[in-house]
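K.L.:
Quick one, structure for this:
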Amino acid sequence: MALNVKFGVSTWLWTSPFSNDTLKLFPKIKEFGYDAVEIPVEDPALIHVADVKMALADHGLEAVICGAFGTSRDLTNEDPSFHRTSFDYLDRCFEIASELGAKFVAGPMYSAVGKARLVSPEQKKVEWDRAVTNLRIVCENARKSGLDIALETLNRFETDLINTCEELMRLIADINEPEAKVILDGFHMNIEEPNPEAAIRLAGDKLIHFQVSENYRGTPGTGQTPWDAYKRALEAINYQGVISIESFTPEVKELAGAVCIWKPLVPSQDGFAKEGLEFLKAWAAK
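P.N.:
Okay, the predicted model is just below:
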């Protein structure tokens, strides 16, 4: 049975940070056959919404908005000033998402990416409870804009708080707000999930965005990803959202360093986008 989904690609595949200069990617993203473009909001001040909105309309693309959570954006930090920084940043993301017609803001917004330590159970509970309390506020702020939040699991090298879908679903149950939903990324799942198919099924109707690449962050279809298992699970939960390719280029040194990509994964980033989409369309149509 064919999946009834749309396909997107993150502009991180080519460049960072997103700015008006990134809009020059939109024509080829559409030409390759994508339905959506994933816009990472690293610096909201660089995103001129009117220009982005026009470019999306000109090329018939939908926007998916993803947050970027560096050291200063940490809802689990003991210093409340970090929480205020995160709230202000996410409020701006909600404004951008609303103006661009997106339905949610996605990302691992519970903590700063790279905060990965061995902490005591007592310290973990303190930080878990901070995440729950602060994400309730984030949900309330999202609600004002008619948006959801899509919370993302990360692998153990990028966070010590939420590594599996089971942990994420427990966090969402503790938040207990209808806006708290799920994004899953196959790269992280291939590191952390004993059974990726079961993880997708566990997310169920909370899953509102799905990111893919290969197990080594390369072009879909060229690695060890259990694509048949993904498809069975997405069919079982009747997933009808966007499936986006997310990967990176070593040409952007700061971002490449953050995700530990030390060499080109492909001969061409354009080839990555084009061949990856060709594989995904054939996979989804089976």
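K.L.:
Pull out the CA atoms of stretch 150-161 and give them to me as PDB.
P.N.:
Below are the C-alpha coordinates for stretch 150-161, written out as PDB (Å, rounded to 0.1, in the frame of the first residue of the first chain):
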ATOM      1  CA  ALA A 150       7.100  18.400  17.800                       C
ATOM      2  CA  LEU A 151       9.600  17.100  20.300                       C
ATOM      3  CA  GLU A 152      12.500  15.100  19.000                       C
ATOM      4  CA  THR A 153      14.600  12.300  20.500                       C
ATOM      5  CA  LEU A 154      18.300  12.600  20.000                       C
ATOM      6  CA  ASN A 155      21.100  10.000  20.200                       C
ATOM      7  CA  ARG A 156      23.200   9.600  23.400                       C
ATOM      8  CA  PHE A 157      26.000  11.700  22.000                       C
ATOM      9  CA  GLU A 158      23.800  14.700  21.700                       C
ATOM     10  CA  THR A 159      21.600  14.500  24.900                       C
ATOM     11  CA  ASP A 160      21.300  12.500  28.000                       C
ATOM     12  CA  LEU A 161      17.700  13.300  28.600                       C
END
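K.L.:
In terms of helix, strand or coil, where does the nearest residue to D74 once chain neighbours are set aside fall?
P.N.:
In this structure, D74 finds its nearest non-sequential neighbour in A112, 3.8 Å apart by C-beta to C-beta, 6 or more residues apart in numbering. C-beta here means a position set from N, CA and C on the backbone, and glycine is covered the same way. Three-state assignment for A112 (DSSP: H, G, I helix; E, B strand; the rest coil): coil.
K.L.:
For the longest helix along the chain, name the packing helices and strands.
P.N.:
When the chain is parsed with DSSP state H, its longest helix is helix 121-144. For helix 121-144, the packing partners by 3 or more C-beta pairs under 8 Å, 6 or more residues apart in numbering; DSSP states H and E come out as helix 80-99, strand 148-152, helix 165-175.
K.L.:
Please repeat the previous calculation with a cut-off of 6 Å.
P.N.:
With contacts taken as 3 or more C-beta pairs under 6 Å, 6 or more residues apart in numbering; DSSP states H and E, helix 121-144 sits against helix 80-99, helix 165-175.
K.L.:
circling back: pull the number of nearby residues for the residue nearest to D74.
P.N.:
By other C-beta atoms under 10 Å, the residues close to A112 number 22.
K.L.:
May I see the helices and strands packed on helix 121-144 organised as TSV, with mean pLDDT and distance to T15 added?
P.N.:
Shown next, in TSV, are those (pLDDT from 0 to 100; distance: least, C-beta to C-beta, whole Å):
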stretch	mean pLDDT	distance to T15
helix 80-99	98	18
helix 165-175	98	29
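K.L.:
Is it possible to get CSV of those helices that adds mean neighbour count and distance to I261?
P.N.:
Formatted as CSV, the helices and strands packed on helix 121-144 follow (neighbours: other C-beta atoms under 10 Å; distance: least, C-beta to C-beta, whole Å):
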stretch, mean neighbour count, distance to I261
helix 80-99, 18, 25
helix 165-175, 18, 25
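K.L.:
Output the ones you listed in a markdown table; the columns should cover distance to E275.
P.N.:
A markdown table is the format used below for the helices and strands packed on helix 121-144 (distance: least, C-beta to C-beta, whole Å):
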| stretch | distance to E275 |
| --- | --- |
| helix 80-99 | 30 |
| helix 165-175 | 28 |
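K.L.:
Tell me which of those approaches D129 most closely.
P.N.:
helix 165-175 (8.4 Å; C-beta to C-beta).
K.L.:
Just after that closest one, pick out the following helix or strand.
P.N.:
Beyond helix 165-175 on the C-terminal side, the first helix or strand identified by DSSP states H and E is strand 180-185.
K.L.:
Which positions in that following strand come out as buried?
P.N.:
Within strand 180-185, the residues scored as buried using 16 or more other C-beta atoms under 10 Å are 180-185.
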